[in-house]
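Undergrad: Got a predicted structure here, sequence first:
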Amino acid sequence: MHLDVQDLRDFYYRSALGRSAQSSMRRRLLELWPESKGQSVVGFGFAIPLLRPYLAEARRVMALMPGPQGVMPWPLDAENISVLVEETFWPIETGHVDKLIVLHGLETSEQADDLLEEAWRVLGPGGKALFIVPNRAGLWSRRDRTPFGYGRPYSAGQLETQLRKHQFLPERHVGALYQFPSTRRISMKTAAMFEKVGRTMPGMIAGGAFMVEASKLIYPPKGRLVRSIVKRQKVPQGVTASTILRF
């Protein structure tokens, strides 16, 4: 089940460990995606810790938060871009997203297959998705004092298999969160050192989390045409056709 938005906020913005985790993942993200000029960037789950670098140049930035999690206004210093959504039905037109970041959204979802179908639907041609999940072999997935200790942790192989099943092509993956998930003074003092060493390791040697970049497959590797007809979805109660977001 999804974590509560207040717990996620408190971890990332009101704890030293959370701010350090935010810095680690954001640094890795910018290594993969340094630019966003003229693009639409969407986050799902609790992705706002990673979206701020794109606010200045992206054509549009949006933070989708699932109903069971709850929503918080963000950013506080500008116009709100947070939207409360049903996790398997996003008010975005098909094929209009250039970059999609999923953080604390996949591993906590009870409808992971439907969620991935929705992510595939909104991603545009040439678009990229980045799925960030707890590493099942890492220390962070074993500590329930952080958001990475909840939901289903993954191995790299498990995540890639699930993505391929839903017509995503995994392209790059890196690790993050090499520091110990502890607020002890020695752990916080050595955090930067462990993160620096971790960034030099091969992508298969992940830290507390995997970050897997994937593109939308229209044709599988063998050349067989993938069913590209998206099933018709009902507009949820309270949402009209005119409120479907167009990028």
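TA: Alright, I've got the coordinates.
Undergrad: F11 touches D144, doesn't it?
TA: No - the pair F11 / D144 is not scored as a contact, 11.6 Å apart, by Cβ atoms under 8 Å. C-beta: built from backbone N, CA, C; applies to glycine.
Undergrad: In terms of packing, which of the two has more residues around it?
TA: Each of F11 and D144 has its neighbours counted (other Cβ atoms under 10 Å); F11 has more, 22 against 9.
Undergrad: what comes up buried for the strand or helix carrying the more buried one?
TA: In the assignment (DSSP states H and E), F11 maps to helix 5-14. For helix 5-14, burial by neighbour count (16 or more other Cβ atoms under 10 Å) applies to V5, L8, R9, F11, Y12.
Undergrad: what's downstream of that helix, the next helix or strand?
TA: Per DSSP H and E, the first helix or strand lying C-terminal to helix 5-14 is helix 16-32.
Undergrad: Within its sheet, name the partner strands of the helix or strand following that following helix and how each one runs.
TA: Counting by DSSP H and E, the next helix or strand C-terminal to helix 16-32 is strand 40-45. The strands beside strand 40-45 in its sheet (DSSP bridges) come out as strand 60-66 (parallel), strand 97-103 (parallel).
Undergrad: quick one, strand 40-45 and helix 5-14 angle?
TA: Put simply, strand 40-45 runs at 110 degrees to helix 5-14, going by axes from the mean of the first three to the mean of the last three Cα atoms, to 10 degrees.
Undergrad: Strand 40-45: how far from the chain's middle?
TA: Counting by Cα atoms, centre = their mean, to the nearest Å, strand 40-45 is centred 8 Å from the centre of its parent chain.
Undergrad: same deal with stretch 98-116?
TA: Relative to its chain's centre, stretch 98-116 lies at 7 Å (Cα atoms, centre = their mean).
Undergrad: May I have it exported as PDB, CA atoms only?
TA: C-alpha atoms of stretch 98-116 as PDB (Å, rounded to 0.1, in the frame of the first residue of the first chain):
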ATOM      1  CA  ASP A  98       8.600  13.200 -22.700                       C
ATOM      2  CA  LYS A  99      10.100  12.300 -19.300                       C
ATOM      3  CA  LEU A 100       8.400  10.300 -16.600                       C
ATOM      4  CA  ILE A 101       9.800   9.700 -13.100                       C
ATOM      5  CA  VAL A 102       8.200   7.100 -10.900                       C
ATOM      6  CA  LEU A 103       9.400   7.200  -7.200                       C
ATOM      7  CA  HIS A 104       7.500   5.500  -4.400                       C
ATOM      8  CA  GLY A 105       4.800   4.600  -6.900                       C
ATOM      9  CA  LEU A 106       5.500   1.100  -8.300                       C
ATOM     10  CA  GLU A 107       6.700  -0.900  -5.400                       C
ATOM     11  CA  THR A 108       3.800   0.300  -3.200                       C
ATOM     12  CA  SER A 109       1.100  -0.200  -5.800                       C
ATOM     13  CA  GLU A 110      -1.400  -3.100  -5.500                       C
ATOM     14  CA  GLN A 111      -2.100  -2.600  -9.200                       C
ATOM     15  CA  ALA A 112       1.400  -2.600 -10.600                       C
ATOM     16  CA  ASP A 113       0.500  -4.100 -14.000                       C
ATOM     17  CA  ASP A 114      -2.200  -1.500 -14.600                       C
ATOM     18  CA  LEU A 115       0.100   1.200 -13.400                       C
ATOM     19  CA  LEU A 116       2.700   0.300 -15.900                       C
END
